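Visitor: need a structure here:
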Amino acid sequence: MADSESNDGGQREEVNDERLTDDAFIERAVELAILHEMLPDGPSRRELLRAVGKGAVLSALTSFFPLGAAKALAQEAKGALELKELQLGFVPITCATPIIMADPMGFYAKQGLKVNVVKTAGWALIRDKVLNREYHASHMLSPMPLTISLGAGSRPQATYVAAIENINGQAITLHLKHKERRDPKQWKGMKFAVPFDYSMHNLLVRYYVAEHGIDPDKDIEIRVVPPPEMVANLRAGNIDGYLGPEPFNQRAVYEEVGFIHLLSKELWDGHPCCALGVPAAFIQENPNTFAALFRAIATATVHAHKPENRAEIAKAIAPANYLNQPLPVVEQVLTGRFADGLGKIQNVPGRADFDPFPWHSMGVWILTQLKRWGYLKQEIDYRGVAEQVFLATDARRRMIEIGLPVPKESYMRHEVMGKTFDPAKPDDYVKSFAIRRS
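Guide: A predicted model of the protein is given here:
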């Protein structure tokens, strides 16, 4: 997540940080909205704010604008919660950090919610429990709301990416016996694991090997293995490696079974990984509860983004009821200072990071790869589907309301292994690959 600019016209604007009370968040948001409405962005506005100060300008505006009344109306608009107790599923990986930490660190309670975060064995079970309404919302792999909405692998049900939980936070881990096989061109016949077909892990490992001339469906074997079982399968020799979520890459190093070949950050810095997946019905039936849930998780995500909070967060999520991992393993993942299994200590602060904004362009990229590899057979309205499922517009509004930084746009170009992805030309992008199914 890029640092926010000052609220005098930068790309990102914020009211204040998550330490403010809810009431203070709302008051600051109202003040910011009034400044934007009465003083449109531009050089003159910025010069005025620098010269006079925001407080003095607001004081002058209140002489003819009922600022107090606007704040009161905004407070009333929060609305009563339709539900105060929620069931949220999660798979025990660090990608779920905001959803998990929001429980012991009080982010849910601050919004008046009691949330039971339920450890779940794998992604197919997560999907089924959401479809059967056993979970109100859930930690999901970011492609899952797209495929659930389109009916790929399950019956179709409108499901949204309300927020991105984490960016980066994956790696390719190989068994120690493959230290001399670092060139993917040497990987023919090897077996790799990913956590789910509809995962960034699967899409990224396919992209990576294909860029090295390896057909992921013909030259190697890719199988689905639940993340908690990846290290054991690596040790047993059932797989040669995996592109998996943390902390299981670091756990393989800790167990002296594997080494980190590369971080997913090296493939696409800032790529989405997991998300808060929410059924459309839940939002429609419980708009105020959804708003409270979004506030809790978005503020937890921004809190997790700050490096100075990572050690405290690691202690909160490492215990058995959450990740059930040794604290040093979780700390190495979250701080980015880690042993790589090759005898070196690496320092990569952005190894795992957190940014809640669900870019539409991320959704389009995911759809292009699902289409490329034949997971989606039908013709795709890439932008239409991405904009329906990735709730960027809604997230922007809600983030502004609670004073969190937001980008002005919801589309951007992404660099994936040195190749520019233009979300305006998804069909051309799919057709540009020599190795593809579609």
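Visitor: any idea how far the spatially closest residue to Leu243 that is not a sequence neighbour lies from Ala281?
Guide: Sequence neighbours aside, Val205 is the residue nearest to Leu243 in space, at 3.9 Å (criterion: C-beta to C-beta, 6 or more residues apart in numbering). No exception for glycine: its C-beta is placed from N, CA and C like everyone else's. Val205 sits 34 Å away from Ala281, going by C-beta to C-beta, to the nearest Å.
Visitor: can you check Ala102 too?
Guide: Ala102 is 23 Å from Ala281, where distance means C-beta to C-beta.
Visitor: Between the two, point out the one with more neighbours.
Guide: Between Ala102 and Ala281, counted using other C-beta atoms under 10 Å, Ala102 has the larger neighbour count: 28 against 13.
Visitor: thought that one was touching Phe294?
Guide: No. Using C-beta atoms under 8 Å, Ala102 is not in contact with Phe294, being 11.3 Å away.
Visitor: what about the strands in the stretch 251-400 of the chain?
Guide: Per DSSP state E, counting those that start in this stretch, the stretch 251-400 of the chain carries strands over the ranges 258-263, 274-279, 337-339, 345-347, 352-353.
Visitor: And those strands: which comes nearest Gly241?
Guide: Closest to Gly241 of those, according to C-beta to C-beta: strand 258-263, at 7.0 Å.
Visitor: name the helices or strands packed onto the closest one?
Guide: strand 170-175, helix 248-254 (3 or more C-beta pairs under 8 Å, 6 or more residues apart in numbering; DSSP states H and E).
Visitor: Given that strand, what are its sheet partners and their directions?
Guide: Taking DSSP bridges as the criterion, strand 258-263 forms sheet pairs with strand 170-175 (antiparallel).
Visitor: which outside residues touch the strand it pairs with?
Guide: By C-beta atoms under 8 Å, 6 or more residues apart in numbering, the residues outside strand 170-175 that reach it are 181, 200-201, 204-205, 208, 230, 234, 237, 239-246, 248-249, 252-253, 257-264, 273, 341.
Visitor: Which residue ranges of the stretch 51-200 of the chain form helices?
Guide: All helices of the stretch 51-200 of the chain, identified by DSSP state H, counting those that start in this stretch, fall at 54-61, 67-76, 97-101, 107-110, 123-131, 144-150, 200-211.
Visitor: mean pLDDT lowest for which of these?
Guide: Note on the helices of the stretch 51-200 of the chain: helix 67-76 shows the lowest mean pLDDT, a mean of 42.
Visitor: What's the local residue count around Ile345?
Guide: By other C-beta under 10 Å, 9 other residues sit near Ile345.
Visitor: And the pLDDT for it?
Guide: 98.
Visitor: same question, Gly79
Guide: Predicted confidence (pLDDT) at Gly79: the value is 82.
Visitor: Contacts only, for it.
Guide: Residues near Gly79 by C-beta under 8 Å, 6+ apart: Pro287, Asn288, Ala291.
Visitor: Relative to Ile366, which of those is nearest.
Guide: Distance to Ile366 across the contacts of Gly79 (C-beta to C-beta) is lowest for Ala291, with 25.9 Å.
Visitor: mind listing what the nearest residue to that closest one once chain neighbours are set aside touches?
Guide: Of all residues not flanking Ala291 in the chain, Arg398 sits nearest, at 6.7 Å (C-beta to C-beta, 6+ apart). By C-beta under 8 Å, 6+ apart, the contact set of Arg398 is Ala291, Phe294, Arg295, Ala298.
Visitor: one more time with 10 Å, if that's ok
Guide: By C-beta atoms under 10 Å, 6 or more residues apart in numbering, the residues touching Arg398 are Ala162, Ala163, Phe290, Ala291, Phe294, Arg295, Ala298, Pro356, Leu391, Leu404, Val406.
Visitor: ditto for Gly241
Guide: With C-beta under 10 Å, 6+ apart, Gly241 has these contacts: 172-175, 178, 181, 187, 190-193, 205, 220, 230, 234, 249, 252, 258-259, 261.
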